[in-house]
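Enquirer: sequence first, predicted coordinates after that:
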Amino acid sequence: MWSLIKWLAMRLAVVRWIFKVLGLVAFLPIAFLLKAVGLPLLIVLAVLALPVVFLLFLFGLPIFLVLLVGGLAMGALFVALSIGMVALKFAIFVVLPIWLVYKLVSWLFRGRGGVARPDVHGPDPSTGADAA
């Protein structure tokens, strides 16, 4: 009986270990995606902030102040890029589907000649003046 319990416990431990390994493998595409987005983002931040740092060195500021202002510049650029990414996500996942549904509905309900059907039926404009 004791050997059966030990065998079952080892079997369950192996199954749990396999699930953990497969779970880690499932996160690899997310890690690669973050790496693919994060490294170019850091390159953009460096390219935009390095001229500021060089200009500050050129003006003769102390190294501590240059590094402080360069770090602030990189931080401000990172905030701007983060807000831009949030706005882009909102535009893609909220605005774009609403706009596509609007275009689809307007395309489904338009008239024959591509002109919207009038809701109010008035006198025929081709007859000229009113009959009264």
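Expert: Great, that's in hand.

Enquirer: the spatially most central residue of the chain and residue 67: what is the separation?
Expert: Centroid-nearest residue in the chain: residue 89, 3.4 Å away (criterion: Cα atoms, centre = their mean). As judged by Cβ to Cβ, to the nearest Å, residue 89 and residue 67 stand 32 Å apart. From N, CA and C alone the C-beta is placed, and that goes for glycine too.

Enquirer: would you say the residue nearest to the centre of the chain is within a strand?
Expert: No: assessed with DSSP: H, G, I helix; E, B strand; the rest coil, residue 89 is helix; it does not lie in a strand.

Enquirer: if I look at it, how far off is residue 83?
Expert: Using Cβ to Cβ, residue 89 is found at 11 Å from residue 83.

Enquirer: likewise residue 2?
Expert: From residue 2 across to residue 83, the span is 63 Å (Cβ to Cβ).

Enquirer: out of those two, which sits in the busier spot?
Expert: The neighbour comparison of residue 2 against residue 83 (other Cβ atoms under 10 Å) goes to residue 83, with 10 against 6.

Enquirer: in what helix or strand does that one lie?
Expert: Assigned by DSSP states H and E, residue 83 belongs to helix 63-90.

Enquirer: helix or strand right after the worst-scoring helix or strand of the chain on mean pLDDT?
Expert: Ranked by mean pLDDT, DSSP states H and E, the weakest helix or strand in the chain is helix 2-26, scoring a mean of 72. Next helix or strand after helix 2-26 toward the C-terminus (DSSP H and E): helix 28-58.

Enquirer: what's the average pLDDT for that following helix?
Expert: For helix 28-58, the mean pLDDT works out to 77.

Enquirer: stretch 97-110 too?
Expert: Across stretch 97-110, pLDDT averages out at 92.

Enquirer: off-centre distance for that stretch?
Expert: Taking Cα atoms, centre = their mean, to the nearest Å, one finds the center of stretch 97-110 at 24 Å from the center of the full chain.
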